[in-house]
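Student: sequence? don't have it. structure:
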């Protein structure tokens with residue numbers, strides 16, 4: 001049985017469980033936004049502005065129908081989602097480009113409460129820690145578990161390369177049940193160029209791309225989501241916090257994401273000419 005056929009046999013019970021989890025997540029987010037508005041004033045308006053572009057991602061073992069991992073992502077075009085590579089690394093190789101014979105799919109929860117399949121179409125390596133997903137035109141019917149044709153385009157977020165130390169930023173991700181802090185605020189405390197990392201560095205796990213250091217908490221709930229400025233533009237992709245270091249969290253700079261997207265376009269062009 002092909003990977004696609006296996007995935008389409010997702011049982012009704014599992015679909016209903018995920019929809020129930022999604023409803024709980026939405027309630028958690030609304031509660032958090034209410035608290036955030038009280039604490040942060042106009043910051044909540046920026047968060048609400050970008051929410052339609054955010055997704056939760058569920059990586060599944062299609063044989064057991066169990067969840068392997070989860071994370072956040074956001075639209076960079078009406079049907080392309082960016083997330084962290086480490087969210088999908090259990091099912092997708094490094095430096096991977098879509099191959100119809102090696103199809104890898106995940107479940108994506110969109111902000112409008114839909115559950116869709118998405119294909120992993122492009123990945124970087126562990127240092128880049130970026131991956132792209134192509135969302136399908138089908139949603140799962142929570143009553144039958146079957147796929148229903150439901151074309152939908154989602155608003156992409158705009159990238160910004162204008163970021164300075166001291167700028168206010170917000171790390172955002174779709175809520176993921178057990179992770180309560182998915183909207184956090186802070187400042188850019190440092191901008192770190194890749195040439196700063198040398199072999200033997202104590203922070204050898206840091207991506208070898210330009211990153212932003214921030215005191216806005218980055219956790220499994222907002223990993224893969226956007227780090228946004230006060231105009232709602234993406235200045236980075238939330239990635240991780242350093243272990244044993246308080247208030248040191250890292251996001252891949254939007255310049256690195258822009259280069260990654262350009263690499264995807266070049267790969268498409270190269271493959272279309274072959």
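Tutor: Happy to help now that I have it. Nothing here was measured: the structure is a model prediction, and the numbers come from that model. Residues are numbered from 1 along each chain as shown.

Student: and the most centrally placed residue in the chain, what does it touch?
Tutor: By Cα atoms, centre = their mean, the chain has its centre lying nearest to residue 73, at 1.9 Å. Under the criterion of Cβ atoms under 8 Å, 6 or more residues apart in numbering, the neighbours of residue 73 are 54-57, 81-83, 87, 108, 133, 224-225. All C-beta spots, glycine's among them, are computed from the backbone N, C-alpha and C.

Student: how about it: what's its closest non-neighbour residue?
Tutor: If you skip the residues right next to it in sequence, residue 73 has residue 83 as its closest partner in space, 3.6 Å away by Cβ to Cβ, 6 or more residues apart in numbering.

Student: count the neighbours of that neighbour for me.
Tutor: For residue 83, the tally of surrounding residues (other Cβ atoms under 10 Å) stands at 30.

Student: in the longest strand seen in the chain, what counts as buried?
Tutor: The strand of greatest length in the chain, counted in residues with DSSP state E as the criterion, is given as strand 66-77. Of the residues in strand 66-77, those buried by neighbour count under the rule 16 or more other Cβ atoms under 10 Å are 68-76.

Student: list the contacts of stretch 95-102.
Tutor: Counting contacts by Cβ under 8 Å, 6+ apart, the residues outside stretch 95-102 that touch it are 119-125, 134, 267, 271.

Student: redo the residues you listed as a markdown table? Include neighbour count, secondary structure and pLDDT.
Tutor: A markdown table is the format used below for the contacts of stretch 95-102 (neighbours: other Cβ atoms under 10 Å; DSSP: H, G, I helix; E, B strand; the rest coil; pLDDT from 0 to 100):
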| residue | neighbour count | secondary structure | pLDDT |
| --- | --- | --- | --- |
| 119 | 17 | strand | 93 |
| 120 | 25 | strand | 95 |
| 121 | 21 | strand | 95 |
| 122 | 25 | strand | 95 |
| 123 | 26 | strand | 95 |
| 124 | 23 | coil | 89 |
| 125 | 14 | coil | 86 |
| 134 | 16 | strand | 94 |
| 267 | 15 | helix | 90 |
| 271 | 11 | helix | 79 |
